[in-house]
Every structure is written in C-alpha cells, then in structure tokens.
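**Q** below are the sequence and a predicted model for it; my questions follow.
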Amino acid sequence: MTVKRTRKQRIEYLAVTLAAYVSGACLYSLLALIPHTGDPNFPPVLLLAFFGGLLPSGVVSGVILASGFFSKKSTAFRTTAAFLWFITLACVLYVGIISLIPYGIYNLVKIVTEPKQSSL
C-alpha cells in the first residue's frame, strides 16, 4: 500500500530531518575540540560532522516513516510490535538511517517536479 504524501508533508519531512542533521553535525564536530593525543587515526572534523549528522537525522527519519507505517496496520500487528519492541526499534532505526538519503532525494525531486497546488 502506497502512502500518498502531500507537498507540505514532504517539505516538513525535509525540514525536520535537516534540522536534526545540522544539530547532530554541530554536536559531533565538538568532538574535534577534545585533545586526541596526536593520534593520526583520529578522523578529521568534517568527517565527524558529516557522519555525526546522519545518526540523529536517520533516527528522526525512521520515526516519521514508522509512524506512517504503523498507523495503517492492525491492532494485533501493533501489539506484537510493541511486545517485541527491541526488534521493532532496531528495524525502525536501520530503515531510517538507510533510507534517509534516497528518500530525501526522492522528496526533493517530487517537490520540484510536482505542480504546486493552489489553495482556494
């Protein structure tokens, strides 16, 4: 079953995940301020910031996508998922992190190519 998202929902998704990405990148780039005793294997600041931003935005993405997914499922399915919360949580986080970049690009393309709906 395909969920039809509106233009507003796509823009909100991008705004929320971008905000989570920026905050995570800023927090993880602070790790560069910690003295690392001259270890040549210590990752550079930009690398820490890039990958540090992916984690919180992937978590937010997973939560947004999972809420839409679980809203369409039966009570028995949701009860089973709640009982097996550790498996459900792992699946939500993995799907969110893995699908963050492709779904973000897909939303950007849809926002640009779909005509803007005029409200009456």
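**A** In hand now; what should we look at? What you see is a predicted model; the values in this text were computed from it and never measured. Numbering: from 1, shown residues only.

**Q** which secondary element of the protein has the worst mean pLDDT?
**A** Within the chain, judged by mean pLDDT, DSSP states H and E, the helix or strand with the poorest mean is helix 45-71; its value is a mean of 88.

**Q** please compute how far it lies from its chain's middle.
**A** The gap between where helix 45-71 is centred and where its chain is centred comes out at 3 Å by Cα atoms, centre = their mean, to the nearest Å.

**Q** do the same with stretch 105-120
**A** Centre-to-centre, stretch 105-120 and its host chain are 20 Å apart (Cα atoms, centre = their mean).

**Q** contacts for it?
**A** R5, R7, R10, I11, Y13, L14 (Cβ atoms under 8 Å, 6 or more residues apart in numbering). From N, CA and C alone the C-beta is placed, and that goes for glycine too.

**Q** isn't the last one right up against L100?
**A** No - at 10.8 Å, L14 and L100 do not qualify as touching, with contact defined as Cβ atoms under 8 Å.

**Q** between those two, tell me which one has more neighbours.
**A** Using other Cβ atoms under 10 Å, the more surrounded residue of L14 and L100 is L100, with 22 against 15.

**Q** three-state assignment of K4?
**A** Classification of K4 by DSSP: H, G, I helix; E, B strand; the rest coil places it in coil.

**Q** buried subset of the contacts of stretch 105-120?
**A** Using 16 or more other Cβ atoms under 10 Å as the burial test, the contacts of stretch 105-120 include R10, Y13 as buried.

**Q** so where's this protein shaky on pLDDT?
**A** Counting by pLDDT under 70, the chain has low-confidence residues at 1-3, 35-43, 118-120.

**Q** ok, now with 90
**A** Of all residues in the chain, those with pLDDT under 90 make up the ranges 1-9, 25-53, 68, 71-72, 114-120.

**Q** buried set for the longest helix along the chain?
**A** In terms of residue count, the longest helix belonging to the chain (DSSP state H) is helix 85-113. Residues of helix 85-113 classed as buried: T88, V92, L93, V95, G96, I97, L100, Y103, G104, N107 (neighbour count, 16+ other Cβ under 10 Å).
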